[in-house]
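Q: sequence and computational prediction follow.
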Amino acid sequence: MSVWLPTATCTPEACLTERAPAVALPRRVLRLTACMTVLLVGIALTLPVRALPRAARTRLVRFWTRTLLGALGVTVRATPPPTAGAAGGRAGGRAGRAAGEPEPGVLVVANHVSWLDIPLIATALPGRSIAKTEVRHWPVLGPVTAWGGTVYLDRDRLRTLPDTVGAVAAQLRAGRSMIVFPEGSTWCGRESGRFRPALFEAAVQTGAPVQPATIRYRLADGRPTSAAAFVGEDGLLASLSRVVAVRGLVAELTFLPAIPAPVPAAYDTRRGPRRALARAAQAAVEGAR
């Protein structure tokens, strides 16, 4: 059996031309049932988990996201996340930080392929995330993202962008990690977009290190696949049906060397430190891919 999967270009009409191994219908139903069960358990436990110490919450989130991906039939292969000391620039701290002020969190940036990307990153380095406002209204996933502290971005109202940057900076300043996708949209996985610099301003404001990561989706035999791609006018249910149908879908997450907390004087002042950070992060991600 086989299913139609997206390929190189980033519209469903052009992408859905590649065949890949598929599981039988009963296995797909079982995966969907398991996925819904894990999601509902996550919703039920959201409030109790919030009361736990941060270390315990982190372990539970990592376990829950890995279980969720496993329920969908996705195998996770991730490099170990960097240690706190490896997030360059932390040792000396940000100049001007008040006594007793916590170290900032980490701004995790990655290429964007799918709605699976956020739980994939959270299996190794949990954090709050940025999502488009439409996600808030998705069934089941909407409440999960909202209760998880997601910061929503209205892509149709650019005047709200400074408020979004401020919300990300506030989370970093409080010591929480933030997961962002600077391309601003999902791509098929074989092509990519330019890293937009706006959200890097949050790292500049807080002195937070930037942690680049690459995301790839493959089949069990190592071939790259766009099965998980969520592009163009693709709907969540259509994407979900493709994911649960694929046999041997593997999600790969690779953390790259962290970019130190920015010192504005060290960058090209004409373009600004946020542009320099965006270029450096994109170069790292594209080089690894």
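A: Structure received. Residues are numbered from 1 along each chain as shown.
Q: please save the CA atoms from stretch 26-42 in PDB.
A: Taking Å, rounded to 0.1, in the frame of the first residue of the first chain, the C-alpha atoms of stretch 26-42 are listed here in PDB:
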ATOM      1  CA  PRO A  26      -7.000  -0.600  11.200                       C
ATOM      2  CA  ARG A  27      -3.500   0.600  12.200                       C
ATOM      3  CA  ARG A  28      -4.500   4.200  11.200                       C
ATOM      4  CA  VAL A  29      -7.600   4.100  13.300                       C
ATOM      5  CA  LEU A  30      -5.600   2.700  16.200                       C
ATOM      6  CA  ARG A  31      -3.100   5.500  15.900                       C
ATOM      7  CA  LEU A  32      -5.800   8.200  15.800                       C
ATOM      8  CA  THR A  33      -7.500   6.700  18.800                       C
ATOM      9  CA  ALA A  34      -4.200   6.600  20.700                       C
ATOM     10  CA  CYS A  35      -3.400  10.200  19.700                       C
ATOM     11  CA  MET A  36      -6.700  11.500  21.000                       C
ATOM     12  CA  THR A  37      -6.300   9.500  24.300                       C
ATOM     13  CA  VAL A  38      -2.900  11.100  24.900                       C
ATOM     14  CA  LEU A  39      -4.200  14.600  24.000                       C
ATOM     15  CA  LEU A  40      -7.100  14.200  26.400                       C
ATOM     16  CA  VAL A  41      -4.900  13.000  29.200                       C
ATOM     17  CA  GLY A  42      -2.600  15.900  28.600                       C
END
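Q: where do the helices of the stretch 1-150 of the chain begin and end?
A: Remark: helices assigned in the stretch 1-150 of the chain by DSSP state H, counting those that start in this stretch are 12-15, 25-50, 54-71, 117-122, 141-147.
Q: hey, which of those is tucked in deepest?
A: helix 117-122 (a mean of 25; mean count of other Cβ atoms under 10 Å). Any C-beta I mention is one placed from the backbone N, CA and C, and that applies to glycine too.
Q: hang on, the earlier thing: for residue 196, which of the helices of the stretch 1-150 of the chain is the nearest?
A: Distance to residue 196, taken as Cβ to Cβ, is lowest for helix 117-122 among the helices of the stretch 1-150 of the chain, at 16.6 Å.
Q: show me what the closest one is packed up against.
A: Counting contacts by 3 or more Cβ pairs under 8 Å, 6 or more residues apart in numbering; DSSP states H and E, helix 117-122 is packed against helix 54-71, strand 107-110, strand 178-180, strand 210-218, strand 249-255.
Q: one step back: weakest of the helices of the stretch 1-150 of the chain by average pLDDT?
A: Least confidently modelled of the helices of the stretch 1-150 of the chain is helix 12-15, at a mean of 48 by mean pLDDT.
Q: nearest the middle, which residue of this structure would you pick?
A: In the chain, the residue lying closest to the centroid (Cα atoms, centre = their mean) is residue 118, at 3.5 Å.
Q: wait, that one touches residue 129, no?
A: Yes: in this structure residue 118 lies within contact range of residue 129 using Cβ atoms under 8 Å: 5.1 Å.
Q: which residues do those two both contact?
A: Contact criterion Cβ atoms under 8 Å, 6 or more residues apart in numbering; residues shared by residue 118 and residue 129: residue 179.
Q: any idea how far the residue lying closest to residue 61 once chain neighbours are set aside lies from residue 62?
A: Nearest non-adjacent residue to residue 61, counting by Cβ to Cβ, 6 or more residues apart in numbering: residue 126, 4.2 Å away. From residue 126 across to residue 62, the span is 6 Å (Cβ to Cβ, to the nearest Å).
Q: next: residue 226.
A: For residue 226 relative to residue 62 (Cβ to Cβ), the value is 26 Å.
Q: please apply the same query to residue 255.
A: Counting by Cβ to Cβ, the gap from residue 255 to residue 62 is 14 Å.
Q: same question, residue 128
A: 15 Å.
Q: equivalent analysis for residue 73, please.
A: 19 Å.
Q: for the stretch 151-289 of the chain, which segments are assigned as helices?
A: Secondary structure of the stretch 151-289 of the chain by DSSP H, counting those that start in this stretch: the helices cover 161-173, 200-206, 236-245, 273-288.
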